[in-house]
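1. what shape does this take:
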Amino acid sequence: MTAVLLCWGAALWLEGAARLHTDVLVLAVALSLTLSSTQRTASTRRRLAALVLLPVTAAGAQFLGRLLMHHYALGAAVYTAGISLCIWIRRYGPAATRAGTLMTLPFVALLVVPGPALPPTAESGLVSWCWSAVIGELACACVWLVQALGDRYGPWRPDPAPPAPSAPRRVSSPRPRPSTRMALQMALAVAAAFWLGRFLFDGHWPWAVLTVYVAASGNRGRRDVLRKGVERFAGASVGTLLATGVAAAGITGRASVAVMFAILAVALWLRPLSYAYWAAGMTTALSLLLGYFGQDAARLLPTRLTAIAVGAALSVAAAWWFLPVKGRTGGRTVNRRPVTRQDEPRGVTRS
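-> Numbering: from 1, shown residues only. Sure, this is the predicted structure:
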């Protein structure tokens, strides 16, 4: 959270100096929050790769956001192909897996930043592609600075990075590789979420798409996706109710921003206990954020919960009935390759 607040403060100054739109702050928070977990024990080579990949994909995601505004069907197709490609390339080993993880961060931030769901009158103020790249560089700098200072002067030390597991020998099989199956599952679920989200929820389609990604990206088997889908819906329900209560209490403007950061800090602290806590905290923060942009949290409560339920159902359906991936069953690991923390940064797992 120190890195997040530092990046937010720098972006706040940049917003005033360059007369940018408020979404630049949201992009800074989203990137620094997700980048912190993936770079905790990263080597110098991995960090240099992040310094190149993250700004480039952030700029590309901004183009994609504008494409979604003006040509929704085409933008949805490009988004679906891009997010699936980031999963498919895991077949080429740990380095490709890490690159794919970095490339997904701006795609997820695009769903968090309310740009594609903003009214047309606000589109002209959205951050440009070059400023998106600058925010990507800024997020990298803030995260690395805080982590370096924490490692040197703080009482905590990061867990050592586990050694890269050796790639299992490929057994001849007519079935696609797990990474290919996961990519196809993600493509099917995300495409369905884009279509149903726009058809059922109009401008609030990002809730359904984001739920699909969160539940299906860390696919360690059908039960794992089902569990995360249920936890996502339960946590989102609690978070939405909490955000509605905060709005009903009259907490708006800068006060709601302070509450937002406090809730994110608590959610990060409780996340190791259960993903439901993280889902509740993130949903509360997003609800307060959208309230800051003028949306009525109480009026949109049924729509938001329904969209989250639809996204969870789509991710579970794709994982269970479309090229299912073998995972953990009854406490026993079916895959031979062990799961490591390096392989699953913030909900993204191995091939």
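2. so which strand or helix has the closest residue to Leu270 other than its chain neighbours?
-> Spatial nearest neighbour of Leu270, excluding adjacent residues (CB to CB, 6 or more residues apart in numbering): Tyr277 at 3.7 Å. Quick note: C-beta positions are derived from backbone N, CA and C, even for glycine. Applying DSSP states H and E as the criterion places Tyr277 in helix 275-292.
3. distance from the chain centre to that helix, please.
-> With CA atoms, centre = their mean, to the nearest Å as the basis, helix 275-292 stands 13 Å off its chain's centre.
4. mind listing what the residue nearest to the spatial centre of the chain touches?
-> By CA atoms, centre = their mean, the mean C-alpha position of the chain lies nearest to Val108, the distance being 3.9 Å. Residues in contact with Val108 (CB atoms under 8 Å, 6 or more residues apart in numbering) are Ala30, Thr34, Leu210, Tyr213.
5. cool, and Ala96?
-> Taking CB under 8 Å, 6+ apart as the criterion, Ala96 is in contact with Ile89, Arg90.
6. in which helix or strand does it reside?
-> Counting by DSSP H and E, Ala96 is found in helix 94-112.
7. what residues of that helix count as buried?
-> If you call a residue buried by 16 or more other CB atoms under 10 Å, then helix 94-112 has these buried ones: 94, 96-112.
8. gap between the helix or strand just after that helix and the chain center?
-> The C-terminal neighbour of helix 94-112 among helices and strands, as given by DSSP H and E, is helix 129-153. Chain-centre distance of helix 129-153: 18 Å, with CA atoms, centre = their mean.
9. can you list the buried residues in helix 129-153?
-> Using 16+ other CB under 10 Å as the test for burial, helix 129-153 gives 129, 131-136, 138-144, 146-147, 150.
10. what angle sits between that helix and helix 94-112?
-> With axes from the mean of the first three to the mean of the last three CA atoms, to 10 degrees applied, the angle from helix 129-153 to helix 94-112 works out at 120 degrees.
11. just give me how far the helix or strand that helix 129-153 is followed by sits from the chain centre.
-> As assigned by DSSP H and E, the chain's next helix or strand after helix 129-153 is helix 178-201. Distance of helix 178-201 from the chain centroid (CA atoms, centre = their mean) equals 15 Å.
12. may I have helix 178-201 as CSV, with CA atoms only?
-> Written as CSV, here are the backbone C-alpha positions of helix 178-201 (Å, rounded to 0.1, in the frame of the first residue of the first chain):
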residue,chain,number,x,y,z
PRO,A,178,-3.2,-27.3,-20.4
SER,A,179,-2.2,-23.8,-21.4
THR,A,180,-4.0,-24.1,-24.7
ARG,A,181,-7.1,-25.4,-22.9
MET,A,182,-7.0,-22.6,-20.4
ALA,A,183,-6.6,-20.0,-23.2
LEU,A,184,-9.6,-21.4,-25.1
GLN,A,185,-11.7,-21.5,-21.9
MET,A,186,-10.8,-17.9,-21.2
ALA,A,187,-11.6,-16.9,-24.8
LEU,A,188,-15.0,-18.6,-24.7
ALA,A,189,-16.0,-17.2,-21.3
VAL,A,190,-14.8,-13.7,-22.0
ALA,A,191,-16.5,-13.5,-25.4
ALA,A,192,-19.7,-14.7,-23.8
ALA,A,193,-19.3,-12.1,-21.0
PHE,A,194,-18.8,-9.3,-23.5
TRP,A,195,-21.9,-10.3,-25.4
LEU,A,196,-24.2,-10.9,-22.5
GLY,A,197,-22.8,-8.0,-20.5
ARG,A,198,-23.6,-5.5,-23.2
PHE,A,199,-27.0,-7.2,-24.0
LEU,A,200,-28.1,-7.4,-20.3
PHE,A,201,-26.3,-4.6,-18.5
